[in-house]
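S.K.: dropping a prediction and its sequence here:
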Amino acid sequence: MSEFELIARYLSRPAAGQRDDVVVGNGDDCAVVAPTPGHQLAVSVDTSIVDVHFPADAPAAAVGHRALAVALSDLAAMGARARWCTVALTLPTPDPEWTAAFADGLGGLADRVGCAWVGGDVTRGALSITVTVQGELPAGTAMLRSGARANDWVAITGYPGRAAAGLARWRRGERELDHPLLEAYLRPTPRLEAGEALRGLATSAIDLSDGLVADLGHVLNASGVGARLDIDALPLATPLRATHDLSHVYELVLHGGDDYELLLTLSESDLGEAQRRLAALHLPLTVIGRVVDGFGIHGLPAALLERGGWDHFTHTAAGSAT
């Protein structure tokens, strides 16, 4: 099967004519889209490489879902609504069965979140996927990493640590795809609705891709402040408690990465409203600490602060983080 047959059969999804915001979709040299008047574009690109970001034997549909989800998570952290995506797929061989399942996984998530898949490319080489996403938000409303201020609350959505535990289960040979920990790793949920709901309330935000401690550090550095965390306030998912000792659970929650939950700072006056908005989405928002003057993270045992976050040039374990 040629490159063009592969694209036409498995990777082309008609969007032009079905949505007013897609003027030209798949099949031309460029997609042409029509942003909403008065809005700004949020654009992010994310590459997933076999045996670095996902195991080689992961189901193709999960690989597709995951590749888009991790890119969409960046839009969620900015409070943007997902609108369009393009996908560059590198394949070692033109495998129609794998490609069809991959496209179903990626396209299914795109459809569910209202993100039009408007184009892309296919090349030959080691398996990798590069996804570019574009979102919209009202002008001047983007949530940034740099807005945290002393006395803000530090809060997180959901239950971090599950994805890292799921990857560990996969490495042990467990293949129960409906297990909540494996599901969290292979098919993460980008918190797009939560990001939009928190826009105008959060003073800063970031998605949890490299680990809670590392990502909080990015916010603190950008904002020029520190934070004091309460280890007893960390939300611990039931499957983690059931399968790991407490010290290892804390390690997974603080450093596991690949969670794609949102970490936020909020003023005391806005915390209650933020929790109400997320409760309407059936998503918990847990306060885990407070922003303080100064630098660094305080309140955790030293052993839990020593490990750094994910870095592609200092980590070599296959399939372990993004």
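M.R.: Here it is on my side, so go on.

S.K.: only C-alpha atoms from now on, for both contacts and neighbour counts.
M.R.: OK.

S.K.: if I pick residue 195, what's in contact with it?
M.R.: Shown in contact with residue 195 (C-alpha atoms under 8 Å, 6 or more residues apart in numbering): 75-80, 262.

S.K.: got TSV for those, with secondary structure too?
M.R.: Below are the contacts of residue 195 laid out as TSV (DSSP: H, G, I helix; E, B strand; the rest coil):
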residue	secondary structure
75	helix
76	helix
77	helix
78	helix
79	coil
80	coil
262	strand
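
S.K.: how about these, which pair is most distant?
M.R.: Spanning the widest gap among the contacts of residue 195 are 80 and 262, at 13.1 Å by C-alpha to C-alpha.

S.K.: what secondary structure does residue 27 sit in?
M.R.: Going by three-state DSSP: residue 27 is coil.

S.K.: closest to residue 184 out of the contacts of residue 195?
M.R.: residue 262 (14.5 Å).

S.K.: residues in contact with that closest one?
M.R.: Contacts for residue 262 (C-alpha under 8 Å, 6+ apart) come out as 76-77, 156-157, 191, 195, 205-208.

S.K.: pLDDT weak spots in the chain?
M.R.: Applying pLDDT under 70 to the chain flags the ranges 15-17, 307-322.

S.K.: show me where it has helices.
M.R.: Taking DSSP state H as the criterion, the chain contains helices spanning 3-6, 60-78, 96-113, 162-171, 180-186, 192-198, 212-223, 238-243, 246-255, 268-279.

S.K.: just name the most buried of those.
M.R.: Counting by mean count of other C-alpha atoms under 10 Å, helix 60-78 has the highest mean neighbour count of the helices of the chain, with a mean of 27.

S.K.: helices or strands next to that helix in the packing?
M.R.: strand 39-49, strand 81-91, helix 96-113, strand 128-138, helix 180-186, helix 192-198, strand 202-207 (3 or more C-alpha pairs under 8 Å, 6 or more residues apart in numbering; DSSP states H and E).

S.K.: and the helices of the chain as TSV, adding distance to residue 31?
M.R.: TSV is the format used below for those (distance: least, C-alpha to C-alpha, whole Å):
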stretch	distance to residue 31
helix 3-6	17
helix 60-78	18
helix 96-113	16
helix 162-171	34
helix 180-186	29
helix 192-198	23
helix 212-223	33
helix 238-243	43
helix 246-255	39
helix 268-279	34
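
S.K.: among those helices, which is nearest residue 140?
M.R.: helix 60-78 (11.1 Å).

S.K.: tell me the gap between that closest one and the middle of its chain.
M.R.: With C-alpha atoms, centre = their mean, to the nearest Å as the basis, helix 60-78 stands 6 Å off its chain's centre.

S.K.: just the contacts of residue 195 now: which is nearest residue 146?
M.R.: Distances from residue 146 to these, taken by C-alpha to C-alpha, are shortest for residue 78, at 11.7 Å.

S.K.: measure the residue nearest to that closest one when sequence neighbours are not counted to residue 200 for me?
M.R.: Once flanking residues are discounted, residue 78 sits nearest to residue 143: 4.6 Å by C-alpha to C-alpha, 6 or more residues apart in numbering. Using C-alpha to C-alpha, to the nearest Å, we find residue 143 at a distance of 8 Å from residue 200.

S.K.: so those two - more neighbours on which side?
M.R.: Counted by other C-alpha atoms under 10 Å, residue 143 and residue 200 do not tie: residue 143 has more neighbours, with 26 against 15.

S.K.: surely that one touches residue 199?
M.R.: Yes. Using C-alpha atoms under 8 Å, residue 143 is in contact with residue 199, at 6.5 Å.

S.K.: now for these two: what residues contact both?
M.R.: With contacts defined as C-alpha under 8 Å, 6+ apart, the residues shared by residue 143 and residue 199 are residue 79.

S.K.: of all the contacts of residue 195, which comes closest to residue 33?
M.R.: residue 80 (16.3 Å).
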